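1. Show me the folded form of this:
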Amino acid sequence: MDDSVSQALGNFQNVLEVGGIIAFATSGVLAAGRARMDWTGAVVLGIVAAVGGGTTRDLLLGELPVFWIEQTWFVVLAAVTALIVIPLSRTRVRRYSERYDFLSIADAALEARCGRDKIYRAIRDGRLIARKFGRRTIIRADDFDRFLDELPLLELGPAE
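-> Numbering: from 1, shown residues only. Reported below is the predicted structural model:
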């Protein structure tokens, strides 16, 4: 193969590797943000998401040491990406009612930390009021607050 073609393909592979590291590190940090993890947990999850697939590949193929041991820039790039993305992932810290008058089914499920099926079941059972807005099903924030307030309180028995 021609040297210029070979070099172009090598450069393209590097661009894909960098893009993949950034994308997967961002994905890990956003997941950590949804779980409200601290900075350390978010950076670790970002690094694991970024290099985990390649590490698994190397281990299954028996290629030791794994790629990021010899090429540490993969881990450094994942950590730097995580540190840049962390402040952006904290956007959901405020409660929904401080931002919106309405929630979608997905937003309600996220806020209640349950699946959408449980939200739909509460609507079907008449415990949660929902409205149709075009094709979307929406829930008023105060109806959602009322629904949460009407849930039974947790009663724990005495400790043994």
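2. so where does the residue most central in space within the chain fall, helix or strand?
-> For the chain, the residue sitting closest to the mean C-alpha position, by CA atoms, centre = their mean, is residue 31 at 2.3 Å. Using DSSP states H and E, residue 31 maps to helix 3-34.
3. Go ahead and name everything in contact with the next helix-or-strand element following that helix.
-> Downstream of helix 3-34, the first helix or strand assigned by DSSP H and E is helix 39-61. The contact list for helix 39-61, computed with CB atoms under 8 Å, 6 or more residues apart in numbering, reads 20-21, 24-29, 31-33, 37, 63-64, 66-68, 74-75, 77-79, 81-83, 85-86, 89. (Each C-beta comes from the backbone N, C-alpha and C, glycine too.)
4. same thing but at 6 Å, please
-> Under the contact criterion CB atoms under 6 Å, 6 or more residues apart in numbering, helix 39-61 has outside partners 21, 24-25, 27-29, 32, 66-68, 74-75, 78-79, 82, 86.
5. pLDDT on it, on average?
-> The average of the pLDDT scores along helix 39-61 is 92.
6. Next, the buried residues of that helix.
-> Along helix 39-61, these residues count as buried under the neighbour rule (16 or more other CB atoms under 10 Å): 42, 43, 44, 45, 46, 47, 49, 50, 51, 54, 55, 58.
7. ditto for stretch 133-143
-> Of the residues in stretch 133-143, those buried by neighbour count under the rule 16+ other CB under 10 Å are 137, 138, 139, 140, 141, 143.
8. Equivalent analysis for stretch 27-35, please.
-> In terms of neighbour count (16+ other CB under 10 Å), stretch 27-35 has its buried residues at 28, 29, 30, 32, 33.
9. So for the fourth one, what's the pLDDT?
-> The model reports residue 32 with a pLDDT of 82.
10. Can you pull the domain assignment for the protein?
-> As assigned by automatic domain parsing, the chain contains the domains 3-92, 96-150.
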